[in-house]
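>>> fold the following.
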Amino acid sequence: MILMIPVPLLDTSVLIAHLRGSSPSATQTISEIIKGPQKGAISILTYYEIMKGAIDPFHKRQCKLIVRPFKIYGLTKGIADIASQYYRSIPKNERCNILQLDLLIAATAEYNRFHLITLNRKDFERFPLTVQVIYLQQISPTNP
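Below you'll find the predicted structure:
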């Protein structure tokens, strides 16, 4: 019997917290994934969000280094279908508060049957995900 280990899909919040040095749990999680048996993944949208914050050549290099170990998954019709289902499942009066990128990242995890790892519970708890969502604890030097 072959044991399948679900692929961890990192949300942007985890990578940003690691880059900022603001979350030991994010840094530890990234380290464990890189050293672990299963290659981690990120959405192309996470790559976009990370790279748009690269304000100079040094930061651009840092961003490219942190995403290098992860497989980057693009958007597909299947992911768009799931995202649109999530969107419709949210009451109309709450839809304006939805971050479209989070909706598509959640759908990427669902479509590919990945575990979603995030620091932002509020961003994903409203979506009807059937995959495991792992919420890391946000601990920082200013937020013990």
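
>>> so where's this structure uncertain?
Along the chain, segments meeting pLDDT under 70 span 1-4, 97, 138-144.

>>> which parts of it are strands?
8-10, 41-43, 71-73, 115-118, 133-135 (DSSP state E).

>>> burial of the residue lying closest to G78 once chain neighbours are set aside, as a residue count?
Nearest non-adjacent residue to G78, counting by Cβ to Cβ, 6 or more residues apart in numbering: Y111, 5.0 Å away. (Each C-beta comes from the backbone N, C-alpha and C, glycine too.) Counted by other Cβ atoms under 10 Å, the residues lying close to Y111 total 19.

>>> thinking Y111 is in contact with A80, fair?
No: contact criterion Cβ atoms under 8 Å: Y111 and A80 do not qualify, at 9.3 Å.

>>> re earlier: so what's the residue nearest to G78 up against?
By Cβ atoms under 8 Å, 6 or more residues apart in numbering, the contact set of Y111 is T76, G78, I79, I82.

>>> L10 too?
By Cβ under 8 Å, 6+ apart, L10 lies in contact with T29, I30, I33, G40, A41, I42, T46, F70, I117, T118.

>>> now with 6 Å, please.
L10 is in contact with I42, I117, counting by Cβ atoms under 6 Å, 6 or more residues apart in numbering.

>>> many thanks, we can stop here.
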